[in-house]
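# Quick one, what's the 3D model for this:
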Amino acid sequence: MQALCGEYGRNYPKGGLMNITQEIVKYMLEQASGVVIALMLIWRIEAKLDGLTSAIMHLSDAKTSK
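The predicted structure is shown next:
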C-alpha cells in the first residue's frame, strides 16, 4: 500500500487514478485467492480428522465389545 501512496501522491499522472484502482483490485483478488486456498486446506484437514475420529471410535468399540 505504501507504493500506492508514495508513487502517485496527490498529483496523479495521466491515468494514475486508474492505475491505483487496478492495483487495489489486484490486491483484493490476491487476498481473496489466499482466503480460498486457506478454506480449501481447512476443509481437507477437517475431512481427515473426521476419518481419524471414525477410526478411533471403531477401534474403541471393537475393544470394548471383547
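
# shaky segments in the chain?
1-15, 66 (pLDDT under 70).

# That one: helices as residue ranges?
Under the criterion DSSP state H, the chain contains helices at 2-8, 16-65.

# would JSON lines of those helices with mean neighbour count be doable?
Quick note: C-beta positions are derived from backbone N, CA and C, even for glycine. Below are the helices of the chain laid out as JSON lines (neighbours: other Cβ atoms under 10 Å):
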{"stretch": "helix 2-8", "mean neighbour count": "10"}
{"stretch": "helix 16-65", "mean neighbour count": "10"}
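
# how about the spatially most central residue of the chain, what does it touch?
Residue closest to the average C-alpha location in the chain (Cα atoms, centre = their mean): residue 35, at 1.7 Å. If you count contacts by Cβ atoms under 8 Å, 6 or more residues apart in numbering, residue 35 has none.

# separation between it and residue 29?
11 Å (Cβ to Cβ, to the nearest Å).

# cool, residue 16 as well?
From residue 16 to residue 29 the distance is 20 Å (Cβ to Cβ).

# next one: stretch 41-61 to chain centre, how far?
23 Å (Cα atoms, centre = their mean, to the nearest Å).

# oh, I was asking about stretch 27-39
4 Å.

# next one: stretch 19-33
15 Å.

# Could you number the chain from 22 rather than 1 from now on?
In the new count, where the first residue is 22, that last one comes out as stretch 40-54.

# can I get the CA coordinates of it in CSV?
Extracted C-alpha coordinates of stretch 40-54, given in CSV (Å, rounded to 0.1, in the frame of the first residue of the first chain):
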residue,chain,number,x,y,z
ASN,A,40,-3.6,2.6,-12.1
ILE,A,41,-4.4,3.0,-8.4
THR,A,42,-7.8,1.3,-8.9
GLN,A,43,-6.2,-1.5,-10.8
GLU,A,44,-3.7,-2.0,-8.1
ILE,A,45,-6.4,-2.1,-5.4
VAL,A,46,-8.4,-4.6,-7.4
LYS,A,47,-5.3,-6.7,-7.9
TYR,A,48,-4.5,-6.6,-4.2
MET,A,49,-8.1,-7.6,-3.3
LEU,A,50,-8.0,-10.5,-5.7
GLU,A,51,-4.7,-11.8,-4.3
GLN,A,52,-6.1,-11.6,-0.8
ALA,A,53,-9.3,-13.4,-1.8
SER,A,54,-7.4,-16.2,-3.5
